[in-house]
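Chemist: Coordinates for the following, if possible.
(one chain, ligands or ions: 1)
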Amino acid sequence: MASLDSPQVFVFEATEDERDAADDLAANVRRLGVSTPFVVGSIHGMRLAAQLDPAVPPITPPPGASTHFATELGSRIRRSGADAVVAVGGGRVLDVAKLAAARAGLTVIAVPTQLSHDGICSPVAVVPDESGLTQSLGAIAPRFVYFSMPTLKRAPVESVRAGLGDLMANPLALRDWALAAGRGLATIDQPAWDLSARSFEIVQGYLTGDAAEVAGDPAFLRHLADALVLSGMSMILSGTSRPASGGEHEVSHAIDAIFGGRAHHGAQVAFGCIISVALYGEDHAAFRRQLERVGLPSHPRQLSLSATDTVRVLLEAPETRPGRFTIIEDADLDETKAHELVASIWGT
Ligand SMILES: [Zn+2]
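Modeler: Next comes the predicted model:
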């Protein structure tokens, strides 16, 4: 078991002005003893990074930046003489920066501009390889996470919905973990389990209505940020993504692998939860209504998937995480069974 090296979390909410947050971020980075950061940022994130004093001009990873790009960036960071990496942006930027920083042997200060998934402070980086296939790679979890409320309040509501969707996976991922442990295929790490369960509880009360109604509410954003950090910590603690990733994540990974992704990771994961809920024999209709209320996809067509596409996704799902046993592997679906499952959930 890896020791818990919890990231230090900073939250800026003193004013509504992102420029004040940019000043505060720069002051905090200096206070951490970082004198020449290497800045990896999205175009959006550059406003927040504006007051940093980087070693070299900031880098914006291009769309679809691959593991190869991250490796090259790592060498570049090393050569720059920077003493830390500050990553300012959405999940893609954070993941590329985590991977590059690990390559360069530097700590990462993560500054998410969206609360769309629990990779914010996880030790996993999801980055496509050269062929465009998404890879989940071990990286170093950020030592510091900085949340700028003025920035997060302006993030698209879809990102907030996705963040909630990613957390909806946790109870199911825990069930899958227990299922695997029952077969002697995994070992439960209780403290990590508890963190994952807690992270879901923090947001549970927000899953009864449209996320758009709370997306600009600082109290909600604090809760969502806390939950995503805790969920990431459950993965740091257990040294595996198991506490926050089960069969529903395999469904999302399969959508990425076959169709190149159809929505935010967290939205696809929420859709994957429907499959797990159905396979566990629970009320999938009620679960789908809950997704509808929050504003997450509850039908394959919302991800532009036909029934046949969905069957393909289900058959491909176990291949995305070989060696991981979840309710999907347990169901041992063949084409006929997958068709029946899809029809039983959404009709023919
Ligand atoms: Zn996830």
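
Chemist: For residue 63, pull up the helix or strand it's in.
Modeler: Residue 63 is located outside every helix and strand, with elements delineated by DSSP states H and E.

Chemist: Near it, how many other residues are there?
Modeler: With neighbours defined by other C-beta atoms under 10 Å, the count for residue 63 comes to 6. C-betas here are computed from N, CA, C, even on glycine.

Chemist: wait, what's in contact with it?
Modeler: Counting by C-beta atoms under 8 Å, 6 or more residues apart in numbering, residue 63 touches no other residue.

Chemist: same thing with residue 272?
Modeler: Neighbouring residues of residue 272 by C-beta under 8 Å, 6+ apart: 169, 247, 248, 249, 250, 251, 252.

Chemist: At which residues are the helices of the stretch 201-348 of the chain located?
Modeler: For the stretch 201-348 of the chain, the helices defined by DSSP state H, counting those that start in this stretch occupy 218-238, 247-259, 265-279, 284-294, 307-320, 327-331, 335-346.

Chemist: Pass me the low-pLDDT residue ranges in the stretch 151-300 of the chain, would you?
Modeler: Applying pLDDT under 70 to the stretch 151-300 of the chain flags no residue at all.

Chemist: returning to what we had before: any idea which of the helices of the stretch 201-348 of the chain is most buried?
Modeler: The highest average neighbour count among these, using mean count of other C-beta atoms under 10 Å, belongs to helix 265-279 at a mean of 27.

Chemist: Domain ranges for the protein, per the record?
Modeler: Following automatic domain parsing, one gets these domains for the chain: 8-153, 157-346.

Chemist: So what's the gap between the longest one and the chain middle?
Modeler: In this view, domain 157-346 has its centroid 11 Å away from the chain centroid, taken as C-alpha atoms, centre = their mean, to the nearest Å.

Chemist: could you pull out the strands for the protein?
Modeler: Secondary structure of the chain by DSSP state E: the strands cover 8-12, 37-41, 84-89, 108-112, 124-128, 134-138, 144-148.

Chemist: Residue 190: which of these is closest?
Modeler: Closest to residue 190 of the strands of the chain is strand 124-128 (C-beta to C-beta; 20.9 Å).

Chemist: In the sheet, which strands lie alongside that closest one, parallel or antiparallel?
Modeler: In the sheet containing strand 124-128, its partner strands are strand 134-138 (antiparallel), by DSSP bridges.

Chemist: Backbone dihedrals for residue 61, please?
Modeler: phi -60, psi 140 (degrees, to the nearest 10).

Chemist: For it, which non-adjacent residue is spatially closest?
Modeler: Closest residue to residue 61 apart from its sequence neighbours, by C-beta to C-beta, 6 or more residues apart in numbering: residue 96 at 4.6 Å.

Chemist: ok, that neighbour to residue 287 distance?
Modeler: Distance, residue 96 to residue 287, by C-beta to C-beta, to the nearest Å: 33 Å.

Chemist: Counting neighbours, what do you get for the residue nearest to residue 123 when sequence neighbours are not counted?
Modeler: Using C-beta to C-beta, 6+ apart and skipping residues adjacent in sequence, the residue nearest residue 123 is residue 141, 4.2 Å away. Neighbour count of residue 141, defined by other C-beta under 10 Å: 25.

Chemist: Residue 187 now?
Modeler: Quick note: residue 187 (other C-beta under 10 Å) scores 12 neighbours.

Chemist: Was I right to think it contacts residue 180?
Modeler: No. If you go by C-beta atoms under 8 Å, residue 187 and residue 180 don't touch, sitting 9.1 Å apart.

Chemist: Could you report the neighbour count for the nearest residue to residue 330 once chain neighbours are set aside?
Modeler: Nearest non-adjacent residue to residue 330, counting by C-beta to C-beta, 6+ apart: residue 179, 6.3 Å away. Counted with other C-beta under 10 Å, the neighbours of residue 179 add up to 19.

Chemist: Could you pull up the contacting residues of residue 179?
Modeler: Contact analysis of residue 179 by C-beta under 8 Å, 6+ apart lists 325, 326, 327, 330.

Chemist: Quick check, the third one in contact with residue 178.
Modeler: No. With contact defined as C-beta under 8 Å, residue 327 does not count as touching residue 178 (10.5 Å).

Chemist: Name all residues that make contact with residue 80.
Modeler: 36, 38, 55, 56.

Chemist: In a markdown table: these, plus pLDDT and distance to residue 292.
Modeler: Compiled in a markdown table, those are given as follows (pLDDT from 0 to 100; distance: C-beta to C-beta, whole Å):
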| residue | pLDDT | distance to residue 292 |
| --- | --- | --- |
| 36 | 96 | 49 |
| 38 | 98 | 43 |
| 55 | 84 | 48 |
| 56 | 93 | 47 |
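
Chemist: PyMOL command for the buried members of these?
Modeler: Selecting only the buried entries of the contacts of residue 80 in PyMOL, with 16 or more other C-beta atoms under 10 Å as the criterion:
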select buried, resi 38+55
